[in-house]
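# Pasting the sequence and the predicted model now:
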Amino acid sequence: MNEQRIDPADWPDAIRRAEGSQIVVGGPGTGKTEFLVRRAHHLLEDGVPAENLLLLSFSRRGVTDLRERLESLLARSGVAVPVSTFHSLASRLLETFAQDILGWTSRPTLLTGPEQVALVHELLATEDPARWPLPFRALLTTDAFAREVTDFVLRCSEQLIGPDRLAAIASDRADWKALPAFLERYRERLRTIGRTDYGSLLADAVGILEDPHARDAVADQYRFVLVDEYQDTTPAQVELLRRLTAIGRNLTVAADPYQSIYSFRGADLRNVALFPELFAGPGDRTARRLILTTSFRVPRHILAAAERVTAGGSLPGAAGPVNPAPGSGSVEVYGFTQQSEEAEWLAREIQRLHLEEGCPFGSMAVFVRSKRRFLPELSRALERREIPHDQPDARLADHPTVRVIFDCVIAATTGGIEQDRAVRRLLLGPLFHIPLGRLHELERSRAETDAPWSDTIRAGIEDGHLLADLLEDPGWATSIPAVDGFWNVWTSLPQIGEIVTDPRRREERAAWTSLGQVLGRLAERDPSTTLNDYRLLADREDFEATPLLSYRAPEEDRLTLTTLHQSKGLQFDFVFVADAVEGTFPDLRSRESLLGSRHLTPSIPDDTSGYLRFRLQEEMRLAYTAISRARKRVVWTCTARGFDEGRGMPSRFLPAVAGVTTVQAAVSRPPERTHPVTPLEAEAWLRRIAGDPGEASATRTAALSLLLEGPRWGLRPWHRFAGVCPRGSDTGLVGTDLVMSPSRAEAYHTCPRKFAFERLLHVGDEPGPHASLGSVVHEALERAEESAMARGDRHADLGEALEHLSTLWNPSEFGGEPWAAAWFRRAERILTHLYEHWPGTGLPIALERWVELDLGGVPWRGKADRIEVTDDGLVVVDYKTGTTLPSLPDAAVSIQLGFYAMAVEADPELSQRGPVVGAEMWYPAKKDAKSVPIRKLDLGQMDAIIEAMRDIVVGIQTEDWTPVTGRACTYCRVRLVCPEWPEGREAFRP
């Protein structure tokens with residue numbers, strides 16, 4: 001065999017020798033992908049045109065990785081890097097040659113997975129039952145059998161088995177006797193309707209390259225072909241490569257047979273070992289094998305664990321011993337008694353690594369064998385700690401937002417337990433958010449009346465009638481195209497619009513957008529498929545052609561949470577393999593399909609014991625792949641005897657992982673970590689110390705001090721702890737009979753602490769000259785305007801007002817002369833400016849009128865200075881003798897004006913004169929104003945004003961006197977006892 005071991009120092013020379021057929025074999029982290037990228041870079045830098053180079057990978061994620069690596073190496077900008085999946089390459093070949101070679105009149109469109117099953121179902125329903133074996137005849141019209149036959153058809157395409165070859169194989173199998181004719185009929189139907197499927201795509205591409213003209217043209221274009229993850233190729237993909245490189249033979253593939261984990265998708269494990277024979281050059285010159293000897297990622301202990309797991313599973317074509325990366329690494333195995341405990345420990349350990357050791361979330365990953373068994377529990381634990389996480393490749397059908405749509409379909413089209421569960425998810429989920437207790441009440445009510453869910457939801461859920469309408473008439477899910485059904489749900493439930501417009505719900509919008517696009521394309525191809533049809537087909541976890549959310553490398557720092565199969569090609573500093581219990585990992589449950597499609601693959605043993613051994617070895621390789629993703633640390637966890645899932649057994653792989661001989665020796669409890677990691681843990685830790693009489697007094701005092709200062713470093717304020725009484729007087733400042741006024745509300749809104757001192761404790765609330773000025777001006781206006789109102793005039797004249805001012809004036813209230821004279825001149829200016837620039841247009845109907853309002857059981861009382869009637873309705877006016885004007889936005893939501901507007905509207909006598917159309921504050925004391933400044937209420941903001949009034953009542957009733965700092969603090973006398981200011985803090989020192 002032409003084989004060469006490549007040490008790191010040998011890479012430059014090996015990379016340059018790109019001619020001929022070569023297979024690069026290496027263990028985990030040995031740089032197989034990097035070798036291909038560097039060879040491609042060398043070829044491009046050596047003058048090979050980009051269009052003469054082709055890189056192929058197994059998945060879209062692999063394509064993205066190859067392209068990004070190559071682009072990062074290229075010094076030239078604007079080079080179109082030729083990187084593709086096998087299916088994408090096949091599609092391009094068909095687009096170029098199918099019309100001439102296969103006789104296609106137009107390029108066929110690709111069937112999605114659900115469409116393929118639907119087509120098979122349609123054909124089976126019209127089959128002659130007599131042609132089928134007796135056990136299958138009753139199944140021809142069922143969805144389950146359609147899925148079985150679809151899988152069989154796909155496997156035939158992967159193995160390049162056509163109807164004639166299948167007939168030869170089926171001669172020894174009575175259960176397959178009808179399948180060759182059906183396969184021929186299925187493919188003929190594809191040609192008739194101008195469609196193709198994922199399997200036929202590759203098979204047709206292979207057929208195209210049988211044509212010498214096409215083969216020569218392709219060989220001339222792709223002079224160098226490089227293929228990653230070759231161990232995952234199917235026979236169809238290998239044959240495509242053989243014909244693609246039949247002339248030039250400049251082919252380089254990279255593989256690790258110990259990472260061959262996709263036999264259920266048709267991958268043939270023998271492809272690696274047979275490569276030298278299949279791709280031998282002219283004159284029987286065998287292909288070269290390059291063995292990469294050194295891992296750049298996996299350190300000693302982690303590599304040893306991976307090798308122990310696969311011990312005894314020797315594979316032909318393997319790389320042999322691998323030199324580990326520098327460092328030792330660590331491998332740990334921990335057991336728990338409940339899945340919730342396992343999930344909580346994982347979340348805490350990930351958070352500890354992030355906070356204590358500074359590890360980015362993106363450097364850690366959790367892998368599981370089955371995403372539906374453990375991931376939901378783990379995801380909840382991560383969310384409780386606010387750890388960002390997602391899956392690098394997530395099925396669209398599994399996205400929580402898409403599941404909401406599917407739950408609507410299930411609730412409308414099914415009954416029994418399945419419907420009950422769907423309704424529960426809808427009511428507890430993001431659309432309605434009802435409490436669990438309320439759900440139980442609805443379920444009890446429904447059980448008593450035996451009413452359908454639609455009636456229960458309509459009667460018991462606020463705004464539930466729209467969902468009830470969807471459940472009563474399921475035609476949107478069963479009778480119209482899927483995209484129209486989706487649009488029906490979208491437009492029927494207003495909660496969806498609220499989610500879509502929420503700027504924080506970017507992922508939900510992306511998922512719904514993807515679903516809409518998928519269903520739109522589905523409607524173009526097969527308008528008969530309903531939303532319920534799509535839901536049934538997409539719910540299959542192993543359905544290959546299910547649409548995926550497009551792969552994107554996470555831009556933000558997020559934990560990777562995914563399955564073992566999806567872990568391939570990834571690498572992290574820390575890897576957690578969770579839920580490692582027998583029955584789950586290894587998963588040796590029977591995968592024997594009804595038609596036995598595995599027997600189409602020659603590399604899979606026919607006998608039961610051999611097949612079971614094959615399955616176990618593939619599970620071992622899956623464990624090997626997962627372990628070898630780690631650069632520093634691997635942790636395996638299991639729930640051995642939990643109440644959640646029964647009395648499970650730890651995985652048989654754990655002794656090999658730990659390097660011991662028994663499960664008991666392998667599994668241990670994780671080390672106890674007593675020191676807190678998060679603020680909540682720190683709070684609980686400090687509170688335990690503070691409340692422990694066994695601790696030293698100094699220690700307890702220190703804990704209390706830290707709790708008091710906790711908000712400085714992320715703890716909750718101490719007054720929010722359970723059991724801590726709220727701050728304030730033991731007897732309270734507020735009595736039981738609270739009566740509110742707009743002025744009290746405004747005072748509390750300005751500063752609760754000042755309100756408590758001045759309005760409740762009467763500290764510093766002695767009337768001053770400003771208050772006296774306001775009182776005398778208001779009274780002078782009242783007397784003057786009463787006379788005008790009696791005459792029917794719009795307002796009084798200035799002389800009347802000044803006369804009343806002179807009569808009412810008491811100099812002693814202003815400190816006597818000469819100060820009183822100055823204040824009198826100020827009052828004269830206010831009245832003069834008001835009457836010379838009178839801003840109102842209505843007739844007065846009430847002056848200094850007491851109005852009342854009940855809000856949430858709390859009475860409000862206040863005196864409106866002036867109420868006018870205009871052509872449109874009533875306008876409430878409040879005179880202001882101060883010179884500081886509120887901003888227009890603040891005035892628009894004035895609590896004082898809002899109260900007056902509501903109270904006048906509620907007054908039985910005043911409301912008969914018309915609706916309230918305005919409320920205004922007049923500021924005649926404003927100097928240098930050419931008119932009287934006015935600030936108006938925005939009646940459209942009444943909901944916000946009512947909410948503010950309620951909040952103020954709650955604040956006063958609960959005696960929340962938290963100070964509010966602002967411009968008014970400059971002249972505030974309460975500042976001397978306010979903890980927000982240095983001089984006030986002295987009052988709070990111990």
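Sure thing, it's come through. Residues are numbered from 1 along each chain as shown.
# Run through the stretch 501-650 of the chain and note the low-pLDDT ranges.
Applying pLDDT under 70 to the stretch 501-650 of the chain picks out residues 525, 539-555, 641-648.
# hey, where'd the helices end up in it?
506-525, 531-538, 608-627 (DSSP state H, counting those that start in this stretch).
# which other residues reach the last one?
Outside helix 608-627, the residues that touch it by CB atoms under 8 Å, 6 or more residues apart in numbering are 28, 258-261, 263, 302, 305-307, 309-310, 313, 331, 367, 369, 564-565, 567-568, 575, 577, 585-588, 591, 598, 604-605, 634, 653, 657. Just so you know, the C-beta spots here come from the backbone N, C-alpha and C atoms, and that holds for glycine as well.
# Okay, buried residues for it please.
Across helix 608-627, burial judged by 16 or more other CB atoms under 10 Å covers 611, 614-615, 617-627.
# about what we covered before: turn the helices of the stretch 501-650 of the chain into JSON lines, columns for distance to P12.
Formatted as JSON lines, those follow (distance: least, CB to CB, whole Å):
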{"stretch": "helix 506-525", "distance to P12": "43"}
{"stretch": "helix 531-538", "distance to P12": "49"}
{"stretch": "helix 608-627", "distance to P12": "29"}
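# among the ones you listed, which is nearest I417?
helix 531-538 (17.0 Å; CB to CB).
# For that closest one, name the packing helices and strands.
Counting contacts by 3 or more CB pairs under 8 Å, 6 or more residues apart in numbering; DSSP states H and E, helix 531-538 packs against helix 113-125, helix 400-413, helix 475-478, helix 482-492, helix 506-525.
# what angle separates the last one from helix 113-125?
Calculated by axes from the mean of the first three to the mean of the last three CA atoms, to 10 degrees, helix 506-525 forms an angle of 30 degrees with helix 113-125.
# Let's see helix 506-525 as PDB, backbone CA atoms only.
Only the C-alpha atoms of helix 506-525 are listed here, as PDB (Å, rounded to 0.1, in the frame of the first residue of the first chain):
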ATOM      1  CA  ARG A 506     -36.000  38.400  16.900                       C
ATOM      2  CA  GLU A 507     -35.700  34.600  16.900                       C
ATOM      3  CA  GLU A 508     -39.500  34.100  16.900                       C
ATOM      4  CA  ARG A 509     -39.900  36.400  13.900                       C
ATOM      5  CA  ALA A 510     -37.100  34.500  12.100                       C
ATOM      6  CA  ALA A 511     -38.800  31.200  12.800                       C
ATOM      7  CA  TRP A 512     -42.200  32.300  11.600                       C
ATOM      8  CA  THR A 513     -40.700  33.900   8.500                       C
ATOM      9  CA  SER A 514     -38.900  30.600   7.700                       C
ATOM     10  CA  LEU A 515     -42.200  28.700   8.200                       C
ATOM     11  CA  GLY A 516     -44.100  31.100   6.000                       C
ATOM     12  CA  GLN A 517     -41.500  30.700   3.200                       C
ATOM     13  CA  VAL A 518     -41.500  26.900   3.500                       C
ATOM     14  CA  LEU A 519     -45.300  26.700   3.300                       C
ATOM     15  CA  GLY A 520     -45.300  29.200   0.500                       C
ATOM     16  CA  ARG A 521     -43.000  27.000  -1.600                       C
ATOM     17  CA  LEU A 522     -45.000  24.000  -0.600                       C
ATOM     18  CA  ALA A 523     -48.200  25.600  -1.900                       C
ATOM     19  CA  GLU A 524     -46.500  26.300  -5.200                       C
ATOM     20  CA  ARG A 525     -45.500  22.700  -5.500                       C
END
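# how far out from the middle of the chain is it?
From the chain centre to the centre of helix 506-525 is a distance of 17 Å (CA atoms, centre = their mean, to the nearest Å).
# outside of that helix, which residues touch it?
Residues outside helix 506-525 that contact it (CB under 8 Å, 6+ apart) are 109, 111-112, 114-115, 195, 390, 396, 399, 401-402, 405, 481-484, 486, 490, 496, 499-500, 529, 531, 534, 547, 549-550.
# Just the buried residues of that helix, please?
If you call a residue buried by 16+ other CB under 10 Å, then helix 506-525 has these buried ones: 508, 511-512, 514-515, 518-519, 521-523.
# and if you look at the shortest one?
Under the neighbour-count criterion of 16+ other CB under 10 Å, helix 475-478 has 476-477 buried.
# cool, and the first one?
Buried residues in helix 113-125, defined by neighbour count with 16+ other CB under 10 Å: 113-121, 123-124.
# got those as TSV, with distance to E947 and pLDDT columns?
Output for these, formatted as TSV (distance: CB to CB, whole Å; pLDDT from 0 to 100):
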residue	distance to E947	pLDDT
G113	50	76
P114	48	74
E115	52	80
Q116	55	87
V117	53	88
A118	53	86
L119	57	92
V120	59	94
H121	56	92
L123	62	95
L124	62	95
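# From those, pick the one nearest V149.
Using CB to CB, these come closest to V149 at V120, 5.2 Å.
# how much space is there between the closest one and I945?
To I945, V120 is 64 Å away according to CB to CB, to the nearest Å.
# Ok, P135 next?
Relative to I945, and taking CB to CB, P135 is found at 74 Å.
# ok, those two, which is more surrounded?
I945 (22 against 9; other CB atoms under 10 Å).
# Give me the nearest residue to M942, chain neighbours excluded.
G898 (6.3 Å; CB to CB, 6 or more residues apart in numbering).
# List the residues that contact the one you found.
So G898 contacts 919, 937, 941-942, 945-946, 949 (CB under 8 Å, 6+ apart).
# again, but for P324
295, 298-300, 302-304.
# hey, where'd the strands end up in the stretch 751-900 of the chain?
Using DSSP state E, counting those that start in this stretch, the strands of the stretch 751-900 of the chain run over 843-855, 858-869, 874-879.
# Okay then, goodbye and thanks.
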